[in-house]
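**Student:** Here's a sequence, model it:
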Amino acid sequence: MGLENDHIRQGRDLCGPACAEMLLRACGITHVTQHDIAHEYQVLKHDWGSPPDRIESFFKHFFTEVGTKTDMTLSELKDHIDTGCTAITLIQDIFPDSESTHSHLDDRLLCEDDGHYITIIDVNIDNPDDAYILVADPSNAERQYDDQGFVRTKVDRSDSFEFRPFYKIQADVFKKIWYDKFENGHVYHGVIIWFDPNTKTELALQSS
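**Tutor:** Numbers count the residues shown, from 1 in each chain. Predicted coordinates for the structure are as follows:
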C-alpha cells in the first residue's frame, strides 16, 4: 500500500493513532484524525499509550477482517504484506545513552518504555546482502540504527522540506528491535495490528 500522499506526523504520544490515520487515508477515509482516534475512539490510554487491542478495536469500525498477530517471522510478515493487507507494528526506540537501556543485547528486554509504532510499507528480504524493511514513521525524525539495534542518530527534520518519513531498517536490525512490553507486563515479539483494506464496513464505504 503506497502512503506517499498519506503520511501523518504524530502529535505527542500519538504514534499509534497517527499510523492508524495514515492507513485510513490510504483507503480513502480522510475525515478521521489521529486526535479522533486517540480520544473519541478512546485508543489512547494516558498512563500507558495506545494498547494494540484498542487499535484493533478501532479498525473494526471500518473493516471486517482485522486482527493482531504476534511471534511473526520476517517471511510471514512479507507474505502478509504481499497479500495487500496492512501492518502497524511496535519496535523499540532505544538510545545507548538512555537511562533505561543497557550495554548488552541480553539486557534489552529490561527496557519498558521505549515502544514506538511504525507502519510497514514493504518487506524486501529476497537478497540477504540487502534485506530491509521499508517503513513509514509518524514521528518528526528519521532514525538511523547501529548493528545492535540502538538508535545511532535521530535527525529531526520537522521544520525542513528534507523531512523523510519513509526509510529502510536493515532486516537484521529490525529483528532485534521488533518487540514491546504490553500493558499486562508480557514482552511480545513480532507484533502487528492489521486489516484487509478490501473488507470495508458500511461505515467505511459511507466515509470513502
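**Student:** Going by C-alpha atoms from here, please, whenever you check contacts or count neighbours.
**Tutor:** OK.
**Student:** Let me know the next secondary structure element after the helix or strand where L90 lies.
**Tutor:** For L90, the element it lies in under DSSP states H and E is strand 88-92. Elements were assigned by DSSP H and E; along the chain past strand 88-92, the next helix or strand is strand 115-124.
**Student:** what about that next one, distance to the chain center?
**Tutor:** Relative to its chain's centre, strand 115-124 lies at 5 Å (C-alpha atoms, centre = their mean, to the nearest Å).
**Student:** Tell me which helix or strand comes right after it.
**Tutor:** Downstream of strand 115-124 (by DSSP H and E), the next one is strand 132-136.
**Student:** so what secondary structure elements neighbour that next one?
**Tutor:** Strand 132-136 is packed against strand 115-124, strand 166-170, helix 171-177, with contacts defined by 3 or more C-alpha pairs under 8 Å, 6 or more residues apart in numbering; DSSP states H and E.
**Student:** okay, now I125: neighbour count?
**Tutor:** I125 has 16 neighbouring residues, counting by other C-alpha atoms under 10 Å.
**Student:** now A26
**Tutor:** Neighbours around A26, by other C-alpha under 10 Å: 17.
**Student:** can you start the count at 402 instead of 1 from here on
**Tutor:** Will do, 402 is the new start, and the previous item becomes A427.
**Student:** returning to that earlier point: outside of the strand holding L491, which residues touch it?
**Tutor:** Strand 489-493 is contacted from outside by 420-421, 515-521, 578-581, 591-595, using C-alpha atoms under 8 Å, 6 or more residues apart in numbering.
**Student:** How far does that strand sit from its chain's centre?
**Tutor:** In terms of C-alpha atoms, centre = their mean, the centre of strand 489-493 is found 4 Å from the chain centre.
**Student:** mind listing what it pairs with, with the direction of each?
**Tutor:** If you go by DSSP bridges, strand 489-493 pairs up with strand 516-525 (antiparallel), strand 593-596 (antiparallel).
**Student:** Report the angle between that strand and strand 533-537.
**Tutor:** 110 degrees (axes from the mean of the first three to the mean of the last three C-alpha atoms, to 10 degrees).
**Student:** And the spatially closest residue to Y580 that is not a sequence neighbour, its phi and psi?
**Tutor:** Excluding the flanking residues, the one nearest Y580 by C-alpha to C-alpha, 6 or more residues apart in numbering is H590, at 4.2 Å. With angles defined as degrees, to the nearest 10, H590 sits at phi -110, psi 150.
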